[in-house]
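Q: Dropping the sequence and predicted coords here.
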Amino acid sequence: MPILGNLLNAVAVVLNMALTLYMWIIIVRALLSWVNPDPYNPIVQFLYSITEPVMLRVRQMLPMSGIGLDISPIIVILAIVFLQEFLVKSLAQLALQLQ
């Protein structure tokens, strides 16, 4: 079953890269919120369009209206780290067992 092992290993690598990229996009968006960027800038619109669905869902699950601080980027980053440590490593270990 080395083909299935290689496939799972490739999936683990690609998933890890995608999660790392998304984590950096979340970090850039959080940093942009400190400088009040132009909302009509295409880069800012792109960043908001790919991060807002996830961050909105976190805000809906954890109402933080009384805090005055949006901690949804921190929660999303923690979720990404969890997925990298659990899911990606589990896939990689399974791939090694199948080879």
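A: Sure thing, it's come through.
Q: And the helix ranked longest in the chain, what does it pack against?
A: Identified as the longest helix of the chain according to DSSP state H is helix 2-35. When contacts are defined as 3 or more C-beta pairs under 8 Å, 6 or more residues apart in numbering; DSSP states H and E, helix 2-35 packs onto helix 42-61, helix 72-83, helix 89-98. Heads up, the C-betas are built off the backbone N, CA and C, glycines and all.
Q: buried residues in it?
A: Buried residues in helix 2-35, counted by 16 or more other C-beta atoms under 10 Å: 8-9, 12, 15-16, 19, 22-23, 26, 29-30.
Q: Can you tell me which of those residues lies closest to residue 99?
A: Nearest to residue 99 among the buried residues of helix 2-35: residue 9, at 7.9 Å, using C-beta to C-beta.
Q: What residues does the closest residue to the closest one other than its chain neighbours make contact with?
A: Excluding its sequence neighbours, the residue lying closest to residue 9 (C-beta to C-beta, 6 or more residues apart in numbering) is residue 95, at 3.8 Å. Residue 95 makes contacts with 5-9, 12, as judged by C-beta atoms under 8 Å, 6 or more residues apart in numbering.
Q: how about a cut-off of 10 Å?
A: Under the criterion of C-beta atoms under 10 Å, 6 or more residues apart in numbering, the contact list for residue 95 reads 2, 4-13.
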